[in-house]
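Trainee: Fold the following.
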Amino acid sequence: QVQLVESGGGLVQAGGSLRLSCAASGSAFSIHGMGWYRRAPGKQRQYTALMSESGTTNYADSVKGRFTISRDNAKNTVYLQMNSLKPEDTAVYYCYGDISSFTPPSGRRNYWGQGTQVTVAS
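Mentor: Numbers count the residues shown, from 1 in each chain. You can find the predicted model right below:
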């Protein structure tokens, strides 16, 4: 079974930076893409940043120029560097993975981390 484990959330002042990490673990899997979604208080979960298997990146307009997604293939880990943070970035950030597992239950599906809280104080 594949698991995604996030780390790196916390409290930061507006204008500050944080880096989130998400590591995929398990046995016999292949990652097609990974990324981040976030759920702000009172809102639905929204796409934030994605990186495809080929390395193509996409960002929500609200974070372009401030957030950078990257990955370490050897560690099966994706990162989200968040700079110039704003109070409106406050949310629970969820790691997302489009992953094929080769052990039961095998197949390609979406996986989610447990979420990590990011709070930006004004």
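
Trainee: how close does the one residue sitting closest to the centre of the chain get to residue 28?
Mentor: Central residue of the chain (C-alpha atoms, centre = their mean): residue 36, 2.8 Å from the mean position. Distance, residue 36 to residue 28, by C-beta to C-beta, to the nearest Å: 25 Å. (Each C-beta comes from the backbone N, C-alpha and C, glycine too.)

Trainee: on that earlier part again, would you say the residue nearest to the centre of the chain is within a helix?
Mentor: No. Counting by DSSP: H, G, I helix; E, B strand; the rest coil, residue 36 is located in no helix; its state is strand.

Trainee: residue contacts, it?
Mentor: If you count contacts by C-beta atoms under 8 Å, 6 or more residues apart in numbering, residue 36 has them with 20, 22, 48, 49, 50, 69, 78, 80, 93, 94, 95, 96.

Trainee: Switch those over to a markdown table; also include distance to residue 105, pLDDT and neighbour count.
Mentor: Formatted as a markdown table, the contacts of residue 36 follow (distance: C-beta to C-beta, whole Å; pLDDT from 0 to 100; neighbours: other C-beta atoms under 10 Å):
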| residue | distance to residue 105 | pLDDT | neighbour count |
| --- | --- | --- | --- |
| 20 | 27 | 98 | 26 |
| 22 | 21 | 98 | 25 |
| 48 | 27 | 98 | 24 |
| 49 | 28 | 98 | 26 |
| 50 | 24 | 97 | 19 |
| 69 | 28 | 98 | 20 |
| 78 | 23 | 97 | 28 |
| 80 | 28 | 98 | 26 |
| 93 | 26 | 98 | 25 |
| 94 | 21 | 98 | 21 |
| 95 | 20 | 97 | 26 |
| 96 | 18 | 96 | 22 |
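
Trainee: Can you add secondary structure and distance to residue 9 and give those residues back as JSON lines?
Mentor: Formatted as JSON lines, those follow (DSSP: H, G, I helix; E, B strand; the rest coil; distance: C-beta to C-beta, whole Å):
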{"residue": "20", "secondary structure": "strand", "distance to residue 9": "6"}
{"residue": "22", "secondary structure": "strand", "distance to residue 9": "11"}
{"residue": "48", "secondary structure": "strand", "distance to residue 9": "13"}
{"residue": "49", "secondary structure": "strand", "distance to residue 9": "15"}
{"residue": "50", "secondary structure": "strand", "distance to residue 9": "19"}
{"residue": "69", "secondary structure": "strand", "distance to residue 9": "16"}
{"residue": "78", "secondary structure": "strand", "distance to residue 9": "15"}
{"residue": "80", "secondary structure": "strand", "distance to residue 9": "10"}
{"residue": "93", "secondary structure": "strand", "distance to residue 9": "6"}
{"residue": "94", "secondary structure": "strand", "distance to residue 9": "11"}
{"residue": "95", "secondary structure": "strand", "distance to residue 9": "11"}
{"residue": "96", "secondary structure": "strand", "distance to residue 9": "16"}
